[in-house]
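> Need the 3D shape of this:
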Amino acid sequence: MWKRTLKSTQYKHDHFSKQTTSVCMERQFRIILHGQSLYNGSILKGEEREFTLGYLIATSTIHSPSELVAFELVPDGVEIDILKRDETLASPSPQPMPTLPLQLFFGLMTAFRERAMLYKDTGISHSVALANKQGILHQSYDIYLHQALYKLIGHCANSPAYQGSYLLLSGKLTFETMKLCLFLPCKWVITRSAPTDLALDLAVREDIGLIGFARGSRFICYHGQVTSG
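Numbers count the residues shown, from 1 in each chain. Sure thing, here's the model as predicted:
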């Protein structure tokens with residue numbers, strides 16, 4: 001669904017060889033409202049509705065899934081209609097940051113890597129996942145990290161029962177990426193790459209635990225407490 005295969009030639013160890021290669025299925029995609037493009041770019045094929053919903057929420061175009069009243073896929077994207085509602089959504093009560101048990105951390109990261117089959121096959125996709133103590137609740141993929149986050153935001157907006165504590169990322173954590181993380185029900189952000197100083201400052205301000213360089217049996221904890229128990 002997200003990839004296609006083709007025949008290619010590989011050069012390795014001074015030898016040419018024929019092989020089958022997988023490439024991601026990128027598609028041009030527009031979000032069209034009343035003939036105007038709200039978004040014009042490209043995304044990884046799949047989860048188009050979740051991407052659209054997450055993008056609209058993250059850009060404050062809408063505030064709840066119920067405001068997206070029409071959704072129709074077209075050849076170059078999706079045509080939508082929205083109905084703004086005069087309602088104020090109740091903000092969830094702030095929850096304290098839990099400690100992160102070391103065994104849980106390694107278990108979640110192992111499951112996160114094992115689910116990233118598209119990256120293993122193509123070498124190009126990013127992954128994001130929301131998890132709790134029982135494991136990964138949902139994982140989304142795209143060629144860009146922020147667009148994978150849009151998909152996860154849209155998925156979680158349609159699944160209000162999702163109350164995860166841990167957000168797992170495959171790529172670098174910038175300030176703009178960290179702002180998107182705030183749309184998700186998480187108290188820890190864990191990335192295989194590194195954060196910027198502004199991303200770290202925002203995590204500290206919002207009392208969200210932050211781990212970087214989560215690779216294999218090592219990591220750096222920038223904020224929060226990891227316990228050995």
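> Just want the most central residue of this structure.
residue 149 (2.9 Å; C-alpha atoms, centre = their mean).
> If you average the pLDDT over the strand or helix carrying it, what comes out?
In this structure, residue 149 is located in helix 145-157 according to DSSP states H and E. Confidence over helix 145-157 (mean pLDDT, whole number) is 95.
> Contacts for that helix, please.
43-44, 47, 49-55, 57-58, 64-65, 126-130, 138, 140-142, 162, 169-172, 176-177, 180-181, 183-185 (C-beta atoms under 8 Å, 6 or more residues apart in numbering). In short, each C-beta sits where N, CA and C put it, glycine included.
> Name every strand pairing with the helix or strand where residue 20 lies and say which way it goes.
Assigned by DSSP H and E, residue 20 falls within strand 15-24. Applying DSSP bridges, strand 15-24 is found paired with strand 3-12 (antiparallel).
> pLDDT score assigned to residue 24?
80.
> Can you give me the neighbour number for the residue nearest to it when sequence neighbours are not counted?
Excluding the flanking residues, the one nearest residue 24 by C-beta to C-beta, 6 or more residues apart in numbering is residue 122, at 4.9 Å. Neighbour count for residue 122, taken as other C-beta atoms under 10 Å: 18.
> Does residue 63 touch residue 82 like I think?
No. Applying C-beta atoms under 8 Å, one finds residue 63 not in contact with residue 82, separated by 10.4 Å.
> what sits up against the strand holding residue 20?
So strand 15-24 is contacted by 2-10, 44, 118, 121-122, 124-125, 143 (C-beta under 8 Å, 6+ apart).
> mind redoing it with 6 Å?
Under the contact criterion C-beta atoms under 6 Å, 6 or more residues apart in numbering, strand 15-24 has outside partners 3, 5, 6, 8, 9, 10, 44, 121, 122, 124, 125.
> do you know how far the fifth one is from residue 151?
Right, the one you point to is residue 9. Distance, residue 9 to residue 151, by C-beta to C-beta, to the nearest Å: 34 Å.
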